[in-house]
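**Student:** Below is the structure, and that's it, no one-letter string:
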């Protein structure tokens with residue numbers, strides 16, 4: 001079935017709103033994004049925000065969780081090529097190597113984690129995303145004989161999050177984390 005031109009315009013406006021939210025959260029901070037600012041960035045009127053989403057918060061949560069899922073998904077192809085748990089640790093570190101801690105995606109994650117302390121829906125969404133990631137990586141580790149595999153996956157992901165937070169405060173921090181330190185967790 002063909003999509004009407006009006007429906008295509010609506011989908012494009014919705015996509016621009018989500019993209020604008022992903023860009024604005026790191027620039028301004030979660031609480032500074034308003035309907036007017038978001039609509040202006042997306043090139044739509046403020047009423048379009050509420051036409052496509054029940055609220056500004058709902059839009060922001062959907063946008064941020066979508067961006068976080070994309071980042072988490074980037075680890076999957078690297079994991080598929082890893083042969084050993086040590087290779088997987090290297091792949092995990094490599095998958096976040098491009099993030100400085102002050103780049104837009106790192107700031108988006110930091111803002112989302114902070115906002116999740118006050119936003120139940122966002123907190124639940126992040127929990128689900130992390131639980132899924134830990135379960136999949138934990139199962140992969142378990143299949144390769146790593147003891148307490150899911151807890152190990154949890155510690156590895158929390159460590160990487162912490163390293164990225166430290167990079168924002170001290171740019172040279174965590175850049176050259178010897179993979180040997182984290183490899184011991186899976187050895």
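**Tutor:** Cool, the structure landed. Remember, predicted model here, so these are calculated numbers, not experimental data.
**Student:** For the most centrally placed residue in the chain, which residues are in contact?
**Tutor:** Taking Cα atoms, centre = their mean, the centroid of the chain lies closest to residue 68, which sits 2.1 Å from it. Residues near residue 68 by Cβ atoms under 8 Å, 6 or more residues apart in numbering: 108-109, 112, 126, 129. Heads up, the C-betas are built off the backbone N, CA and C, glycines and all.
**Student:** go with 10 Å
**Tutor:** Residue 68 makes contact with 22, 105, 108-109, 112-113, 122, 125-126, 129-130, 133, according to Cβ atoms under 10 Å, 6 or more residues apart in numbering.
**Student:** which stretch of helix or strand covers it?
**Tutor:** Taking DSSP states H and E as the definition, residue 68 sits inside helix 56-73.
**Student:** In that helix, which residues are buried?
**Tutor:** For helix 56-73, the neighbour count (16 or more other Cβ atoms under 10 Å) marks 56, 59-65, 67-68, 71-72 as buried.
**Student:** same check, this time on stretch 145-155
**Tutor:** Residues of stretch 145-155 classed as buried: 146, 149-150, 152-154 (neighbour count, 16+ other Cβ under 10 Å).
**Student:** just stretch 34-41 next, same as before
**Tutor:** Buried residues in stretch 34-41, counted by 16+ other Cβ under 10 Å: 35, 37-39, 41.
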